[in-house]
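In: Sequence and predicted structure, then a few things I'm wondering about:
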Amino acid sequence: GAGVSQSPRYKVAKRGQDVALRCDPISGHVSLFWYQQALGQGPEFLTYFQNEAQLDKSGLPSDRFFAERPEGSVSTLKIQRTQQEDSAVYLCASSSYVQGRDEQYFGPGTRLTVT
Amino acid sequence: QQPVQSPQAVILREGEDAVINCSSSKALYSVHWYRQKHGEAPVFLMILLKGGEQKGHEKISASFNEKKQQSSLYLTASQLSYSGTYFCGTGGPGGNTGKLIFGQGTTLQVKP
């Protein structure tokens, strides 16, 4: 079946612009995660959804970052007033299990470049 | 606290073996191993859970030492396709959201 998809794959934004990144998880997956990956580093947790509920947003770096999953399926990560330090690959992952004891399937990521 | 992976990089010839270690300063409840090729999504390899349960690929093995707060990934008879960056991610206790804290990665290059 289809894996996790993300769009756009690449985004260039001028500093101060708002961006929206989309994630389509594997159908039926309850859990959805957003991670940020800087060049040469491991992914860093941003936020977690169980169905439509955002249960953990401890990794969001500032109040400029906002995520939603209104119908418990597709999720959008929004970054307002982008800054250069926001440049990174944003990865989305989904999992069928709710307690973190199952594999997370990652999407290909969105590479955001802020100029 | 981010787990620490070692070595940072390793170069092998096809057919050679490698071990990648993942150490945590906190108690380990689960360790998830992923491989990522340049520009691609991380691909799931294995999960090791406190209590001994393992889930993953047949040709890759790993260990979970609860006492030492360490996990090791064993790559035997390496193939060219094993090249990439390997990440370990540590999970929290049961009931946790499932978020993973990833190490900085180990880059593996397999040469013919």
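Out: Nice, I can see it.

In: Can you find the helix or strand of chain B with the lowest average pLDDT?
Out: Least confident helix or strand, chain B: strand B:54-56 with a mean of 68, by mean pLDDT, DSSP states H and E.

In: So what touches the helix or strand that it is followed by?
Out: The helix or strand immediately downstream of strand B:54-56 is strand B:60-65, counting by DSSP states H and E. With Cβ atoms under 8 Å, 6 or more residues apart in numbering or on different chains as the test, strand B:60-65 has contacts from B:28, B:31, B:33, B:45-46, B:48-50, B:52, B:54, B:56, B:71-76. The way it works is simple: take the backbone N, C-alpha and C, and place the C-beta from them, glycine included.

In: if we go to 6 Å?
Out: Residues from elsewhere that reach strand B:60-65, judged by Cβ atoms under 6 Å, 6 or more residues apart in numbering or on different chains: B:L45, B:M46, B:L48, B:S71, B:S72, B:L73, B:Y74.

In: Name whatever forms a beta bridge with the residue nearest the centre of chain A.
Out: The residue lying closest to the centre of chain A (Cα atoms, centre = their mean) is A:W34, at 3.2 Å. Applying DSSP bridges to A:W34 yields these beta-bridge partners: A:T47, A:C92.

In: Thought A:F45 was touching it, still the case?
Out: No. With contact defined as Cβ atoms under 6 Å, A:W34 and A:F45 do not form a contacting pair (7.9 Å).

In: So, low pLDDT: which residues of chain A?
Out: Applying pLDDT under 70 to chain A picks out residues A:1, A:98-101.

In: Sorry, slip of the keys, the one I care about is chain B.
Out: Those would be B:53-58, B:94-97, if you go by pLDDT under 70 across chain B.

In: Show me which residues of chain A sit near chain B.
Out: A:31, A:42-43, A:45, A:48, A:55-56, A:99-100, A:103, A:106-108 (Cβ under 6 Å from any Cβ of the partner chain).
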